[in-house]
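Q: Following is a predicted model, sequence given first.
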Amino acid sequence: MGINLMNKYVWLVETIQRAGEISLKEIQSKWLDSDLSEGVELSQRTFHKWRIATEELFGICIDCQRTGGYNYYIANAEVLNEGGIRSWLLRTASLNQQLSRSMSLNERILLEDIPSSETYLSDIIRAMKASRCIQVKYRRYTSASSRISILEPYALKLFKQRWYLLAKASDMPYLLLYSLDRMEEVGLTETKFQLSPDFDAETFFEDCYGTIIDASVEAERISIRVTSSQACYLKSLPLHHSQRLLSEDEEYSVFELYLKPTYDFLQALLSYGSELEVIAPVSLRKQMQEEVAAMMSHYR
């Protein structure tokens, strides 16, 4: 599928979403006013082809309200606010559409790079679709040499500009995470594997902050107090899906989260400096104290 066609699907969804309800005639008028049309009218047949395609690609159902006029609307608008790959794909396609219209501003729109995303991502996705094992040459940052492993690719996760593969190695009884930017070679094998019908990637990572999988760490309720200025950032971009606001006043806000307090979560809390304080549990407060003390020792 071409980028231009994807942009047209995104345009249709956004046009109907903004209007709430809209007739085909109004859609056709707005289409002619858009840059994408290039002066070519939107036929009724093409409109319905796009309508069907958006449901197949994004799971977005464009339905027709026949009472009071033939108006189109998004019947399951809640999917636009849900997580998952379809809504992520829609947001990404929408962003790509906006950027492609703004090439004259390319020196003023700064993006972040995702290491190795194009190099091995497509091969891994192909293997996941075909339920085939992959052979990976992998070198950890802490290791001087590489290791070749046969992996069963279970799931992909994007976290802080890095792609990670959740996989089971042939010589391991449990799942591990592999960063794509530490892969040196990836190849598909002819060996098939059976994904457990009970496996659910979202459930697997439900109590995790990021990419550290540690079975020895139990999920627990964590309370943090942040300054009012930082609270705005946490409200707009929560640290974790379990985050909820407990209380707030003019100076501070208190949030509660339920997750595993692994090292990556500890580092995230430390990034807020003196504007964040861990209230509970005591064990996490102690960890924070130890990390802060270790940091202070470097600056004495």
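A: Received the coordinates, thanks. Numbers count the residues shown, from 1 in each chain.
Q: Leu188: which element?
A: Following DSSP states H and E, one finds Leu188 within strand 183-192.
Q: now that strand: mean pLDDT?
A: Across strand 183-192, the average pLDDT comes to 91.
Q: which outside residues touch the helix or strand just after it?
A: Once strand 183-192 ends, the next helix or strand along the chain (criterion: DSSP H and E) is helix 201-204. For helix 201-204, contacts defined as Cβ atoms under 8 Å, 6 or more residues apart in numbering pick out Gly83, Tyr154, Ala155, Lys157, Leu166, Leu175. Backbone N, C-alpha and C define where each C-beta goes, glycine included.
Q: Kindly report the same for stretch 144-153.
A: Around stretch 144-153, the neighbours that count as contacts under Cβ under 8 Å, 6+ apart are 124, 127-128, 133-139, 165-171, 178, 184, 189, 191, 193, 195.
Q: Make a ChimeraX selection of whichever of the residues you listed turn out to be buried.
A: A single ChimeraX command selects the buried members of those (16 or more other Cβ atoms under 10 Å):
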select :124,127,128,133,134,136,138,165,166,167,168,169,178,193
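Q: Just the contacts of stretch 144-153: which are in strands?
A: 133-138, 165-169, 178, 184, 189, 191 (DSSP state E).
Q: Strands along the stretch 201-300 of the chain, start to end?
A: 220-227, 244-248, 252-259, 276-280 (DSSP state E, counting those that start in this stretch).
Q: By neighbours, which of the contacts of helix 201-204 wins?
A: When neighbours are taken as other Cβ atoms under 10 Å, the top entry among the contacts of helix 201-204 is Leu166 (21 neighbours).
Q: I'd like the distance between it and Ser179.
A: To Ser179, Leu166 is 11 Å away according to Cβ to Cβ, to the nearest Å.
Q: Neighbouring strands - and their directions - for the top strand by length along the chain?
A: With secondary structure taken from DSSP E, the chain has its longest strand at strand 147-159. With DSSP bridges as the test, strand 147-159 is paired with strand 132-138 (antiparallel), strand 162-169 (antiparallel).
Q: can you list the weak-confidence ranges in the stretch 1-150 of the chain?
A: Applying pLDDT under 70 to the stretch 1-150 of the chain picks out residues 1-3, 80-112, 114-118.
Q: Strands of that one, start to end?
A: Ranges of strands in the stretch 1-150 of the chain, per DSSP E, counting those that start in this stretch, are 22-23, 62-65, 71-74, 132-138, 147-159.
Q: Show me how far the shortest one is from its chain's centre.
A: Right, strand 22-23. Chain-centre distance of strand 22-23: 32 Å, with Cα atoms, centre = their mean, to the nearest Å.
Q: Same question for the second one.
A: Using Cα atoms, centre = their mean, the mean C-alpha position of strand 62-65 is found 29 Å from that of the whole chain.
Q: Please list all residues in contact with Leu32.
A: Gly39, Glu41, Leu42 are the contacts of Leu32 under Cβ under 8 Å, 6+ apart.
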